[in-house]
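Asker: Dropping the sequence and predicted coords here.
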Amino acid sequence: DLRDFTKLSKELPRDEVIALLNDYFDAMARPVHAHGGEILKFIGDAMLAIFPMQDDLDRDNRCHVALRAAHEAFEALDGLNEIRASAGKPPIKAGIGLHAGSVSYGNIGAAIGNSARLDFTAIGPAVNLASRIQALCRPLGRSLLASRAFASPCGSMLVPLGAYELQGFPEPQQIYGLPE
């Protein structure tokens, strides 16, 4: 999720907003693709990506791969911000939420008249949890947060930050972040 996008979209001309989004998504999407992830959709200023897992044994590897892709996305964003700084533009920041879980996916939409408006997407509690975790990035002052299911195979690469109430989840969720 791109930070302060609403403010930027109000302040910048339309063409600059579109260019900023394209640059941002390019920086964030390349590492996902390079590490075998799949970008399912762009949702405004956010991106939904998955790293498909074959089974529980594959989960540990894919969590490491997804975390590596996130690190590379932040490195790409740093490079983009250097270019922006040299052009006198403010830096852009992002928040990433990571979770490992099962999803349902397919074409979802509506039949309207003689046509249909379908969108290929993933749905389910795992998608919702990843989104809620990402939303915690700003209040916790963190650029990357993860669930316990994601963090468990990552060892000391992610540290516990506490349990948080998240909308739609009856129990507080243990949240992990990058060591400071």
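Answerer: Cool, the structure landed. What you see is a predicted model; the values in this text were computed from it and never measured.
Asker: buried ones in stretch 3-22?
Answerer: 3, 5, 8-9, 17, 20-21 (16 or more other CB atoms under 10 Å). Where C-beta positions appear, they are placed from N, C-alpha and C, glycine not excepted.
Asker: And those, which is closest to residue 141?
Answerer: Nearest to residue 141 among the buried residues of stretch 3-22, counting by CB to CB, is residue 3 at 11.2 Å.
Asker: Leaving out chain neighbours, which residue sits closest to the closest one?
Answerer: In this structure, residue 3 finds its nearest non-sequential neighbour in residue 93, 4.1 Å apart by CB to CB, 6 or more residues apart in numbering.
Asker: Dump the buried residues of stretch 3-22 to JSON lines, plus pLDDT.
Answerer: Output for these, formatted as JSON lines (pLDDT from 0 to 100):
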{"residue": "3", "pLDDT": "90"}
{"residue": "5", "pLDDT": "89"}
{"residue": "8", "pLDDT": "86"}
{"residue": "9", "pLDDT": "88"}
{"residue": "17", "pLDDT": "91"}
{"residue": "20", "pLDDT": "92"}
{"residue": "21", "pLDDT": "94"}
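Asker: Count the neighbours of the residue nearest to residue 3 for me.
Answerer: The local packing of residue 93 (other CB atoms under 10 Å) involves 16 other residues.
Asker: Now it: phi and psi?
Answerer: phi -130, psi 160 (degrees, to the nearest 10).
Asker: Might one say that it is in contact with residue 142?
Answerer: No. Assessed by CB atoms under 8 Å, residue 93 is found out of contact with residue 142, at 11.0 Å.
Asker: Keep only those of the buried residues of stretch 3-22 that are in helices.
Answerer: Applying DSSP state H to the buried residues of stretch 3-22, the entries found in helices are 5, 8-9, 17, 20-21.
Asker: did I read that right, residue 42 in a strand?
Answerer: Yes. Per DSSP: H, G, I helix; E, B strand; the rest coil, residue 42 lies within a strand segment.
Asker: how near is the nearest residue in space to it that is not next to it in sequence to residue 90?
Answerer: Using CB to CB, 6+ apart and skipping residues adjacent in sequence, the residue nearest residue 42 is residue 25, 6.2 Å away. With distances taken as CB to CB, to the nearest Å, residue 25 is found 18 Å from residue 90.
Asker: Number of residues surrounding residue 24?
Answerer: 22.
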